[in-house]
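A.B. asks: Here is my input; please provide its structure:
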Amino acid sequence: MTVAQTDVYYDMYDRDIYASPHKVYRRLRDEAPLYYNDKYDFYAVSRFDDVMRVLNNRDVFISGKGGVYNVLKAGIGMPPGLFIFSDPPAHTLHRSLVSRLFTPRAVSGLEPQIRELCVELVDALVGAERFDFMRDFAVRLPVQVIGMLIGVPKADQPSMLETIQRNLHAKTADQEADPLEGILEVSRWFGDYLDWREKHPAADVMGQLLNLEFQDETGTKRKLRRDELVTYLVLITSAGSDTTATALGWAGKLLGEHPEQRRALLKDPSLIPNAVEEVLRCEPPTYHFCRWVTQDVEFHDQTVPAESIMVVLPPAANRDDRKFDDPETFNVHRSPGQILTFGYGTHFCLGASLARMELRVALQTLLPRIPDWSVDIASASMTTGIDTRGWETLPVFTQS
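C.D. replies: I've put the predicted structure just below:
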């Protein structure tokens with residue numbers, strides 16, 4: 001069917017669009033609010049209200065067949081415990097168990113340690129005329145925080161990070177690759193970790209999960225199986241390290257390109273929480289995610305048939321001028337309110353409060369010590385995946 005009479009084109013594999021998507025997003029919102037890609041057979045919505053509608057209706061738009069395009073198109077089963085790609089009752093059960101890691105008390109209790117980690121990382125950068133904002137700062141902080149949260153020894157965290165980064169970005173843009181191949185490699189890493197943990201018990205949150213007894217969806221009282229624990233670990237570490245690092249990289253890029261905004265934060269540090277929200281609004285780490293459509297549904301007088309893939313575009317929705325004033329402008333004085341960077345509804349990101357804290361503490365620590373930098377964009381490189389969008393390398397020059 002023809003959904004919109006326009007020549008606007010979008011697909012998540014197109015690397016030119018990936019590099020600079022916002023003009024395409026604007027055209028999608030204005031010309032094709034319901035977009036259909038016949039090459040890859042998916043529908044997409046880009047306006048704020050339409051994305052909210054999809055995320056709010058978990059009966060029509062389900063997650064149980066997968067939440068990203070490669071996985072949905074492959075039609076493969078989900079590993080036990082991968083609750084972001086599940087529906088109730090399994091989603092409700094597994095999310096409630098993992099949420100114990102991210103209670104307000106657990107997250108707020110991490111702030112002093114996160115601040116210490118930030119100071120240590122920034123200390124190593126002060127005085128350098130040039131450093132890589134991603135490799136020397138942005139990717140290091142979240143993996144240490146997640147390692148601290150689940151009890152991975154500091155000496156093993158670089159290996160964990162390398163395994164996660166290699167598998168999250170290197171293969172997801174390959175249409176022929178097994179979409180779960182990367183998950184399996186990371187799972188093997190955590191299988192070895194669990195062997196170690198069983199011999200080295202500790203009274204941390206990971207120890208709590210290892211010993212937790214609960215009633216599952218069948219009414220059986222039991223502990224988590226090993227495959228469920230491994231899946232939890234893959235999900236927590238992959239999401240927690242990659243998306244937070246990507247968001248922090250975008251903070252470095254945006255503040256490097258907008259020195260007047262950076263100076264505003266130096267003059268008034270109380271604006272830093274606003275700046276965090278504005279970074280997350282302007283350049284969300286998530287490039288796309290998907291839902292499976294269970295029944296015919298209408299958008300903009302057009303029908304999306306049952307058994308379709310619906311792609312939602314949070315980066316487009318976050319710049320919808322129907323929702324935000326002057327949305328293309330990066331403005332740390334803005335209080336954007338509701339954004340869709342972390343999703344919405346029952347699948348809202350469990351780690352959102354932790355990610356926001358890490359970004360806030362990182363900027364509070366970095367800006368007074370390294371107040372000036374400019375991005376060497378000619379030497380920078382973007383990640384190669386299709387699920388998230390960010391920087392692989394982001395060299396910056398500092399100015400004293």
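A.B. asks: what about the stretch 251-400 of the chain, any weak spots by pLDDT?
C.D. replies: When residues are selected by pLDDT under 70, those of the stretch 251-400 of the chain lie in 400.
A.B. asks: All the helices of it, residue numbers only.
C.D. replies: 259-267, 272-282, 314-317, 352-369 (DSSP state H, counting those that start in this stretch).
A.B. asks: To F324, which of those lies closest?
C.D. replies: Using Cβ to Cβ as the measure, helix 272-282 is the one of the helices of the stretch 251-400 of the chain that comes nearest F324, at 7.6 Å. Quick note: C-beta positions are derived from backbone N, CA and C, even for glycine.
A.B. asks: Tell me if I'm right that L82 and E228 touch.
C.D. replies: No: look at L82 against E228 with Cβ atoms under 8 Å: they stay out of range, at 9.2 Å.
A.B. asks: quick one: which of the two has more around it?
C.D. replies: Counting neighbours by other Cβ atoms under 10 Å for L82 and for E228 shows that L82 has the greater number, 23 against 19.
A.B. asks: Disregarding flanking residues, what is the spatial nearest neighbour of the more buried one?
C.D. replies: Of all residues beyond its chain neighbours, the one nearest L82 is T231 (5.1 Å), with distances taken as Cβ to Cβ, 6 or more residues apart in numbering.
A.B. asks: what's the answer for Y287, then?
C.D. replies: Per Cβ to Cβ, 6+ apart, closest to Y287 is R389, 4.0 Å.
A.B. asks: what do you get for R95?
C.D. replies: Once flanking residues are discounted, R95 sits nearest to F83: 5.0 Å by Cβ to Cβ, 6+ apart.
A.B. asks: For the residue positioned nearest the centre of the chain, I want the exact helix or strand it lies within.
C.D. replies: Central residue of the chain (Cα atoms, centre = their mean): T243, 3.5 Å from the mean position. Per DSSP states H and E, T243 falls inside helix 226-257.
A.B. asks: Next up, the contacts around the residue nearest to the centre of the chain.
C.D. replies: For T243, the contacting residues are 285-286, 349, 351, 355, 388, by Cβ atoms under 8 Å, 6 or more residues apart in numbering.
A.B. asks: Reformat those as CSV; add distance to W250.
C.D. replies: Below are these laid out as CSV (distance: Cβ to Cβ, whole Å):
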residue, distance to W250
P285, 7
T286, 12
C349, 16
G351, 17
A355, 12
T388, 11
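A.B. asks: which of those are buried?
C.D. replies: Buried residues within the contacts of T243, counting neighbours by 16 or more other Cβ atoms under 10 Å: 285-286, 349, 351, 355, 388.
A.B. asks: Farthest-apart pair in the residues you listed, please.
C.D. replies: Longest distance between any two of these is 13.9 Å, between G351 and T388; criterion Cβ to Cβ.
A.B. asks: Just give the number of residues close to T398.
C.D. replies: When neighbours are counted by other Cβ under 10 Å, T398 comes out with 16.
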